[in-house]
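Student: Got a predicted structure here, sequence first:
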Amino acid sequence: MKLTAKEYHLRTSYDRRLMSGHVLDWASQPKVFKTYPGLKTVPLPPVTEWGKAPLSQVLQEPIPARPETEIDRERLARILRLAEALTAKSRIGGADFYFRSVASAGALYPFELYVGTSNVPELEDALYHYTLSLDALTVLRQGNILADLAQGIDLDMTAPPVLVFFLTSIFFRSSWKYRERSYRYDLLDTGHLAEGLALALKESGTPFRLQYDFDDRKVNELLGLDEIREVCLAVAFAFGNNSPSSADALHLGEPAEGLSASSRVAAREIDHPTVREIHAASSALTPSAPSLPDMMDNLVPERGEARTIAPPARWPEEMSYVEAVSRRRSMRNFMSRELDADRFAALVRMLCAGPTDAANAQPLAGTTIAVGILVGNVEGVDPGFYLIDPELCAIHLVRGSSLTGEMARVCLEQEWLRNSAVEFLFLSNLGLLDRVWGPRGYRHALLSAGRLGQRIYLAATSMRLGCCGIGAYYDNEAAALLRLTEEARLLYLVAVGPVRKWTGA
Ligand SMILES: Cc1cc2nc3c(=O)[nH]c(=O)nc-3n(C[C@H](O)[C@H](O)[C@H](O)COP(=O)(O)O)c2cc1C
C-alpha cells in the first residue's frame, strides 16, 4: 500500500510525550553548496540597475500575457540573483557560514536551482546549474532542453519558453537533522525558493508559469540527479520574444560524466525510508478533479462573517523589494507591542495578491491549503483565530481569544513566539487532500505554504518587522488548540511583529 499524505503527516508528527533527544552527527554534516568539480562554468554579467519598486507594487503588477521583450543574459542574471542570494556571513564552528535571501528550516538549504536556456543571446543553449557559491552557471549538458523536456512535461511547443528553471531538493541536507519529518521541510523550503523565483520573474516583467506536476523520473534523469538523494519538486517556465522557432529539432547532448555523484552531500549519509516512501507515493500526478472543494470550508466547524481588510491608506514599506531580498533574516526578538492597522493590512493584502493572469495556473491559496491568522496584538482587530479568504481579502473569526501564548507552548515551548503580534497559519485537511488530489497534493500544499511563507518574510522585512517561520510544533496539540476538524492539520506557521532591535542582513 502506498503511503498517503495523511499517514506521512501523522507518522512524522511531534508528540511531547515521545520526543527523543536527537544528537546530530557532526562528522556527517551535509555540504550546503553543490559544486561540480571539473565542469565548465560561465560567469554571469553584472546587473546595471536594480529596480526600486516596493514588494506591494511588484505583487500588483499584472503578469504580461505575451512576452514583449527579449530575455538576455543580464535578465537571467538578475532573475537568478533575486531568486536566491548569499546575504550575510558569520563564523560558525570555526568556518565561514553564509545566510541566504531564502529562509530554510535549520539553515540547511536543501534546495538547488537549475536552468535550461534556449536562444539567450551570447549564451550557449544548455542545461546549467546555478552554482550559488560561485555566482556562476555550471554547464551540465550542452544543447537545447526543450524536445527532451517535452517527454516529461506537457509543453506547448508553439510558444516555447526561453528559460526553464528546475527546483530540486537534496534529502540528506535536511534529514540529517529532521530525519523522517524532513520531507515537510524539503517542500516548505523549496516553496520558499519558488516564491523567490516567482517574484524575481515578476519584478523583471517576464511572463512565467510555475508548475508542480511533471513526470518525476524523466525530469530527474534529464537533470542528471541521483534520484535516491535529490529530486525535482517544481519547474518554472519563462517566456521572452526570443523563444526558438523550431523547438522540436533541438536536443540536449549527453550529460557530463558523473553528474549524479554531485547529489551526494556527505561521506556517510543515513537513509530515511519514510522520506523516500512519501516522495515515491506522491510521484503519481494530481488528478484533475471536476470541481475543487475550497479548503477553507473543510477545516473548522464554523466561521464568522467576512470582514474585508482594505488596502492601507499609504503602503507602509520602508525599502524596495530588491533591498528586502538582500536584508531578509529571521528575527525572534519580538516585543509586546501593537502592530498598527496599516502594516497589518499591508501584510494581509500582500498575502492575498494572487497570480493576475490565468495562465499562471498555480493558485496560492484556497485549494490545497487555506491560510489562517492568530491575531495577538493588532490595532483595531480583536485577538483570535481567523481564516483568510484570499479572493475577498477578508478575515473570518473562528475563535475569539488570544492564542499566541498557548501556541508558543505548542511550538516546542519557543517562548519568544508569545510576543509576536500575528502568526500566519497554513492549514490543510489531509484526508480531503488525499481523496481529491492524491499524495501529490501534499507537495502542492507544502510548496504553496512555503511560497507564502517567503512572501510574508519579504513583506515583514520591507516594513522593518520581525519574522520567523516555525516548522516545529506538537502537531496534535496545534490541531486541538485551533479546534480543527478531525483530518485537518497545521502545516506551517510564520510569526510577525515589532521587534526590540531590527537587525536585517
Ligand atoms: C520551513 C521553516 C521552518 C522553520 N522553523 C523554525 C522553528 O521552528 N524555529 C525557529 O526558531 N526558526 C525556524 N525557522 C527559521 C530558520 O531557522 C531560518 O530561516 C534559518 O536559520 C536561516 O536564517 P535566516 O532566516 O535568518 O536567514 C524555520 C524556517 C523555515 C523556512
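Tutor: Nice, I can see it.
Student: ok, how many other residues are close to the residue nearest to Tyr8 when sequence neighbours are not counted?
Tutor: Leaving aside its sequence neighbours, Tyr8 sits nearest to Ile278 (Cβ to Cβ, 6 or more residues apart in numbering; 4.1 Å). C-beta here means a position set from N, CA and C on the backbone, and glycine is covered the same way. Per other Cβ atoms under 10 Å, the neighbour tally for Ile278 reads 26.
Student: now swap in Thr308 and tell me
Tutor: Thr308 has 10 nearby residues by other Cβ under 10 Å.
Student: Spit out the contact partners of the closest residue to it other than its chain neighbours.
Tutor: Spatial nearest neighbour of Thr308, excluding adjacent residues (Cβ to Cβ, 6+ apart): Ala394 at 4.6 Å. Neighbour list for Ala394: 306-309, 388 [criterion: Cβ atoms under 8 Å, 6 or more residues apart in numbering].
Student: Okay, and the beta partners of Ala394?
Tutor: Ala394 forms beta bridges with Thr308, Asp389, as assigned by DSSP bridges.
Student: again, but for Val422
Tutor: Counting by DSSP bridges, Val422 is bridged to Val375, Val496.
Student: before we move on, what about the one 5 residues further on?
Tutor: Judged by DSSP bridges, the bridge partners of Leu427 are Ala370, Leu490.
Student: tell me which of the contacts of Ala394 is nearest to the ligand?
Tutor: The closest of those to the ligand turns out to be Ile388 (Cβ to the nearest ligand atom; 19.4 Å).
Student: Please name the spatially closest residue to the closest one (chain neighbours excluded).
Tutor: Nearest non-adjacent residue to Ile388, counting by Cβ to Cβ, 6+ apart: Val371, 4.6 Å away.
Student: Is there a neighbour count for that neighbour? I'd like the number.
Tutor: Val371 has 27 neighbours, counted by other Cβ under 10 Å.
Student: what does Val32 give?
Tutor: Other residues near Val32 number 18, with proximity taken as other Cβ under 10 Å.
Student: Check what pLDDT it gets.
Tutor: Listed pLDDT for Val32 reads 95.
Student: pLDDT on the helix or strand that contains the residue nearest to Tyr8, on average?
Tutor: Assigned by DSSP states H and E, Ile278 falls within helix 273-281. What helix 273-281 shows for mean pLDDT is 96.
Student: who touches that helix?
Tutor: With contact meaning Cβ under 8 Å, 6+ apart, helix 273-281 is reached by 2-5, 8, 11-12, 171, 175, 180, 182-183, 186, 228, 231, 439, 442.
Student: Tell me how far that helix lies from the chain's centre.
Tutor: How far helix 273-281 lies from its chain's middle: 20 Å, per Cα atoms, centre = their mean, to the nearest Å.
Student: again with stretch 311-320
Tutor: 24 Å.
Student: list the buried ones in it?
Tutor: With burial defined by 16 or more other Cβ atoms under 10 Å, the residues of stretch 311-320 counted as buried are 312, 315-317, 319-320.
Student: Can I get that stretch as CSV, trimmed to CA atoms?
Tutor: Only the C-alpha atoms of stretch 311-320 are listed here, as CSV (Å, rounded to 0.1, in the frame of the first residue of the first chain):
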residue,chain,number,x,y,z
PRO,A,311,-5.6,48.3,1.5
PRO,A,312,-3.7,50.6,3.8
ALA,A,313,-4.2,54.3,3.2
ARG,A,314,-0.4,54.5,2.5
TRP,A,315,1.7,51.5,1.9
PRO,A,316,4.0,51.4,4.9
GLU,A,317,7.0,49.8,3.2
GLU,A,318,10.4,51.3,4.0
MET,A,319,12.5,49.8,1.4
SER,A,320,12.3,48.4,-2.2
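Student: near the ligand, which residues of the stretch 201-350 of the chain show up?
Tutor: By Cβ under 6 Å from any ligand atom, the residues of the stretch 201-350 of the chain that approach the ligand are 329-330, 332.
Student: From the residues you listed, which land in strands?
Tutor: Judged by DSSP state E, these include no members of strands.
Student: between the residues you listed, which has the most around it?
Tutor: Among these, the one with the most neighbours (other Cβ under 10 Å) is Arg329, at 19 neighbours.
Student: Check what pLDDT that residue gets.
Tutor: At Arg329, pLDDT is 97.
Student: Please tell me I have it right and it contacts Thr503.
Tutor: Yes. Shown here, Arg329 and Thr503 form a contact pair, counting by Cβ atoms under 8 Å, at 6.8 Å.
Student: helix, strand or coil for the spatially most central residue of the chain?
Tutor: In the chain, the C-alpha nearest the mean C-alpha coordinate belongs to Gly191, at 1.6 Å (Cα atoms, centre = their mean). Here Gly191 is helix, with the state taken from DSSP: H, G, I helix; E, B strand; the rest coil.
Student: Repeat that for Ala479.
Tutor: Secondary structure, three-state DSSP: Ala479 is helix.
Student: Can you get me a residue count around it?
Tutor: For Ala479, the neighbour count with other Cβ under 10 Å is 21.
Student: Excluding chain neighbours, what is closest to it?
Tutor: With sequence-adjacent residues excluded and distances taken as Cβ to Cβ, 6+ apart, Ala479 is closest to Arg489, at 5.6 Å.
Student: is it true that that neighbour touches Asp475?
Tutor: Yes. With contact defined as Cβ under 8 Å, Arg489 and Asp475 form a contacting pair (6.2 Å).
Student: intersection of neighbour lists for these two?
Tutor: Residues touching both Arg489 and Asp475 (Cβ under 8 Å, 6+ apart): His9.
Student: Comparing those two, which residue is more hemmed in?
Tutor: Using other Cβ under 10 Å, the more surrounded residue of Arg489 and Asp475 is Arg489, with 26 against 18.
Student: How much space separates the more buried one from the ligand?
Tutor: From Arg489 across to the ligand, the span is 15 Å (Cβ to the nearest ligand atom, to the nearest Å).
Student: Then Lys6?
Tutor: Relative to the ligand, and taking Cβ to the nearest ligand atom, Lys6 is found at 20 Å.
Student: tally of neighbours for that residue?
Tutor: Neighbourhood size, Lys6 [other Cβ under 10 Å]: 20.
Student: Roughly how far does it sit from Arg268?
Tutor: 33 Å (Cβ to Cβ, to the nearest Å).
Student: His396 in helix, strand or coil?
Tutor: Per three-state DSSP, His396 ends up strand.
Student: How many residues are close by it?
Tutor: His396 has 19 neighbours, counted by other Cβ under 10 Å.
Student: before we move on, the earlier item: name the nearest residue to the residue nearest to the centre of the chain, sequence neighbours excluded.
Tutor: Closest to Gly191 by Cβ to Cβ, 6+ apart is Gly450, at 2.0 Å.
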